[in-house]
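Visitor: Quick one, structure for this:
(2 chains)
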Number of protein chains: 2
Amino acid sequence: MAKSFLCTRDEPVVQTKAGKLRGYLLNGTYTFHGIKYADAKRFQAPTEVEPWEGIKDALSYGFVCPLMQQDTPNGEILVPHRYWPMDENCQYLNVWTQSLDAGAKKPVMVWLHGGGFAAGSSIEQAAYEGENMSKYGDVVVVSLNHRLNILGYMNLESFGEKYANSGNAGNADMVAALQWIHDNIASFGGDPENVTIFGQSGGGMKVWCLMQTPSADGLFHKGVVQSGVIDGFTDSPSTDGTKIVNAMLKELGFAQGDAEKLETVPYAQMVEAYMKVARPLAEQGEYIGGNPIPNDFYVGDPLEVGFTEHAKTIPVMVGTAFGEFNFARSVDKHNMTQEQIQALIAEKFGAANAQELIALFVKTYPNKDLADLLDVDSLFRAPSKKFIAAKAEHPQSPTYSYLFAYEFPYDNGKPAWHCSEIPYVFHNAEKVPVCNKVGVSDQLEEQVFGAWVNFARTGSPNHALLPQWPACKPGDEATMIFDEKCEVRHNHDNDLMALHVKVAPNPFEQDQPAQH
Amino acid sequence: MAKSFLCTRDEPVVQTKAGKLRGYLLNGTYTFHGIKYADAKRFQAPTEVEPWEGIKDALSYGFVCPLMQQDTPNGEILVPHRYWPMDENCQYLNVWTQSLDAGAKKPVMVWLHGGGFAAGSSIEQAAYEGENMSKYGDVVVVSLNHRLNILGYMNLESFGEKYANSGNAGNADMVAALQWIHDNIASFGGDPENVTIFGQSGGGMKVWCLMQTPSADGLFHKGVVQSGVIDGFTDSPSTDGTKIVNAMLKELGFAQGDAEKLETVPYAQMVEAYMKVARPLAEQGEYIGGNPIPNDFYVGDPLEVGFTEHAKTIPVMVGTAFGEFNFARSVDKHNMTQEQIQALIAEKFGAANAQELIALFVKTYPNKDLADLLDVDSLFRAPSKKFIAAKAEHPQSPTYSYLFAYEFPYDNGKPAWHCSEIPYVFHNAEKVPVCNKVGVSDQLEEQVFGAWVNFARTGSPNHALLPQWPACKPGDEATMIFDEKCEVRHNHDNDLMALHVKVAPNPFEQDQPAQH
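Guide: Numbers count the residues shown, from 1 in each chain, chains lettered A, B, ... in the order given. The predicted model follows:
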């Protein structure tokens, strides 16, 4: 059936601080794509965009940040992707909203994409589309691109004042976007005093990085960290970029110290030089960029330095997926004997640990198949538990814990993988075939989606379709298990995780298809 | 509402000539993405893929052919795009079908994408998605990637036997795809004896190129040329690649004649060399590749050399959009006086021609706004009329003519542009916001879609929702005007086109956003 569509010369048009923008209206949802929220020279701080006269179109997604290497299409059935033209002039955001009334004051949900700090974009996954979340949740949805990899995270500060904080330029872009939202979102029907940032994987890391970023204080009010805590990911023994930058300059034939030359080298050429020099330096424990670094702008990993006083006041929801990096084909558990499964468990975790691990798994997940132990994640879950416990020490704001433990109707039954909750969060299961299970997935979607939207609206994820979900307290991790039947359990996997994290092979060192 | 989804370890699985493929089933539509239909070394002929054991996944779109330059996101409201990872190993096709019964023998519709012979892909536009066409039309839909630009159309034959027909390698890929369809489509419920190729812009050109390609005879049975005839586009005074290839070799520092070196140069480097040397040669009238060339494989443009005996037997449907390259903002006709509009017409076409052109336009389109004359196309329409007239001389098969003349509810009313009929053809108006107009576009979609699908099924586009649509006869171009009210008119724009094509400025020489 045809939808109602409106995009005339002057409707819908929104007045922003810098000028007027035209979007379109489709079946009640106002959509604005590719709004420039900042400009930036390479390695330098973002600046406000120049004001303009007349009406600019916000009808095409903006450039996404260039990536250091191209993806190979793979595993699209698990995580359907979208790609887009790339340019480092990538400070663009998108808005979906149900109202352009400045008095509407609807909750604002700002999506921070995954891909570590090196890859991804605001539209990288089909599930990131904001229309349904805005429509069904009556919220203002914003997604954004920012600088990544060596464009967003390369510390050149020793080469001149203008490169101050270049090691966190990508995060500075995000703060600029939050400032743009603060200044302009009321014109899109949003409440600048009720902004929730949420993100998955690298996007989850961005959430807690921004909690630890004083210049972002007051620009957002709640945070959701989805599969975004991982041990040691942002650790770097050094943060001084002098060696890596000089090595790149040398590789490119420029004089040592002449970092300005890097501002004009084509990106692909700079990447090539970086690829040649980065590994040897990394092996010597040297800083090679790629992740945020603690400095005046960014206080540091809360599990290292503690939460800032402001971060302690931010309600958070933190969780992971049951299987995370189990992208490889799961075992065909319904066509195997228990002995075969036990043999695989012994092979994966070591014969000495198998029986204890099995006992803990059966106690932790009495309704799961034993074979699911082969898929269970601790890489994200164990540090997420630490994060939750640390945050729950601070009673100034609530900390909610979840585990997305749904088994998908794929490949004869596959436990939830990294990214697999995102379509439900965005109410986009209809856009991702594998998320559909008649009689089951609609309810799961309403449960997950409702939790996210209610958390954004009120600071609590509780809603009528879920059992009562309390915040965590010191020593009491109350975890919402999202599954065919949702339930809250307390400290349910403490023992399992304690052992699993010690005996599980590191999935980064296993052969896995590349996924974000 | 959740859709029914099936993708187990062994369902849905199809046996092809080379091996088994797994797709997925969603609400009744079987989908297979990224089926490799051929392999090819650079500049060489495609070969059959190696057989494999076990089941391969066809669940991710395959690589698309690398493009010589990146798009800038622009005009997405008119033509929403999709991008994808690129690699010259790009011989992939996709299948959507309602049945995997080898006896089902459903019509097969093979989409050839646009972008000249240089750009685009099987999934480049959101509207290319085949699910709805298969579902609502009960047809098997296939879309395919093939080699483009200097990978697909660079004549190296003077450098060695293995490069024979390299000037048409991209078209040879398409023939290989049609051969794959012939050999395998029955297993996907399709009828190998009822295959329709259809395409738009460059895709329309591919349709008539394949009609003139003897090795494709019998591999398809009908053709639809959408905005795919343009004067001089494939003309080249020379077809010998010796000069351009030697110039590239020189630019790259290789010896003259050593074309094998080009097989291993990274694509980006080869493009860079090509870009430097091609323009001067083109200005001297030399062949620089990029389009098919007449040879033993390809007989040549039917308007130059006539239709082959086989092509004369192919039912065709040929048409264009009213405005084609009118991507720039159309005038705000409802807020202008007739005098202002007449002044713009005089400015565009020359004062000496304005009155005659206006008189012809009013006679031709009594129900259109005079301002639409500013948007009317002859670049495609005039040569398409020649094509239709030439084909209609051959009574062995019918020739149907159409004009897509709908005015979109965008920007206060905009005549149909290049690509704008595609969403209706694929029954994908729901995926393209600008295609939606409550009370109007649903009917238009059924009318357009029904014509394409019925043409594929029976060789005639007639169906119950359209007025009777006769085939063209010599001297009688019966044109279906697709609009809010569809009607058939005879030779309705002969006089208008005869003048317009003479006095209209060439849109290629005007400032236009890049579109395909």
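Visitor: Enumerate the residues of the stretch 301-450 of chain A near chain B.
Guide: A:332, A:409-412, A:429-430, A:433-434, A:436-442 (C-beta under 8 Å from any C-beta of the partner chain). Yep, even glycine has a C-beta here, placed from its N, CA and C like the rest.
Visitor: in the stretch 151-300 of chain A, what residue is nearest chain B?
Guide: The shortest separation between the stretch 151-300 of chain A and chain B is 7.5 Å, found at A:Ala268 (distances taken as C-beta to the nearest C-beta).
Visitor: Which stretches in chain A count as helices?
Guide: A:131-137, A:149-152, A:169-184, A:202-211, A:242-251, A:267-283, A:302-305, A:338-349, A:351-364, A:381-392, A:422-425, A:441-458, A:494-503 (DSSP state H).
Visitor: Minimum distance to B:Ala2: which of these has it?
Guide: helix A:441-458 (4.6 Å; C-beta to C-beta).
Visitor: picking that back up, test my guess that the residue of the stretch 151-300 of chain A closest to chain B contacts B:Gln269.
Guide: No. In terms of C-beta atoms under 8 Å, A:Ala268 does not count as a neighbour of B:Gln269; the distance is 10.8 Å.
Visitor: And the pLDDT at the closest residue to chain B within the stretch 201-350 of chain A?
Guide: Residue nearest to chain B within the stretch 201-350 of chain A: A:Asp332 (6.1 Å; C-beta to the nearest C-beta). Per-residue confidence for A:Asp332 comes out at a pLDDT of 93.
Visitor: how close does the closest residue to it other than its chain neighbours sit to A:Val376?
Guide: Computed as C-beta to C-beta, 6 or more residues apart in numbering or on different chains, the closest residue to A:Asp332 that is not its neighbour in sequence is A:Asn412, at 5.6 Å. Remark: distance between A:Asn412 and A:Val376 (C-beta to C-beta, to the nearest Å) = 18 Å.
Visitor: Looking at these two, which one has more neighbours?
Guide: For A:Asn412 and A:Val376, the more surrounded residue by other C-beta atoms under 10 Å in any protein chain shown is A:Val376, and the numbers stand at 23 against 17.
Visitor: so that one makes contact with A:Ala321?
Guide: No. Taking contacts as C-beta under 8 Å, A:Val376 lies outside contact range of A:Ala321: 10.4 Å.
Visitor: re the thing from before, number of nearby residues for the residue of the stretch 201-350 of chain A closest to chain B?
Guide: The burial count assigned to A:Asp332 is 15, neighbours taken as other C-beta under 10 Å.
Visitor: domain parsing for chain A?
Guide: Structural domains annotated on chain A: A:61-88+A:99-143+A:152-235+A:291-330+A:375-516, A:242-283, as defined by automatic domain parsing.
Visitor: How many residues are close by A:Pro315?
Guide: A count of neighbours around A:Pro315, defined by other C-beta under 10 Å, yields 22.
Visitor: Which pLDDT value belongs to it?
Guide: For A:Pro315, the model assigns a pLDDT of 98.
Visitor: which residues does it contact?
Guide: Remark: with contacts taken as C-beta atoms under 8 Å, 6 or more residues apart in numbering or on different chains, A:Pro315 is in contact with A:221-223, A:397-400, A:455, A:459-460.
Visitor: so which of the residues you listed is the most crowded?
Guide: Counting neighbours by other C-beta under 10 Å, A:Gly223 leads the contacts of A:Pro315 with 28 neighbours.
Visitor: In space, what's closest to that residue - neighbours in sequence excluded?
Guide: For A:Gly223, the nearest residue in space outside its immediate sequence neighbours is A:Val207; the separation is 4.4 Å by C-beta to C-beta, 6+ apart.
Visitor: pLDDT of the longest strand seen in chain A, averaged?
Guide: Taking residue count as the measure and DSSP state E as the definition, the longest strand of chain A comes out as strand A:190-200. Confidence over strand A:190-200, taken as the mean pLDDT, stands at 98.
Visitor: Run the chain-centre distance for it.
Guide: The chain centroid and the centroid of strand A:190-200 are separated by 14 Å, computed with C-alpha atoms, centre = their mean, to the nearest Å.
Visitor: And stretch A:220-233, by the same measure?
Guide: 8 Å.
Visitor: Please apply the same query to stretch A:20-30.
Guide: Taking C-alpha atoms, centre = their mean, the mean C-alpha location of stretch A:20-30 is offset from the chain mean by 26 Å.
Visitor: mind listing what's buried in it?
Guide: The neighbour-count criterion (16 or more other C-beta atoms under 10 Å in any protein chain shown) identifies A:21-26, A:29-30 as the buried residues of stretch A:20-30.
Visitor: what's it in contact with?
Guide: Counting contacts by C-beta under 8 Å, 6+ apart, the residues outside stretch A:20-30 that touch it are A:3-7, A:10-14, A:31-33, A:35, A:54-59, A:95-100, A:131, A:134-135, A:188-189, B:77, B:433-434, B:436.
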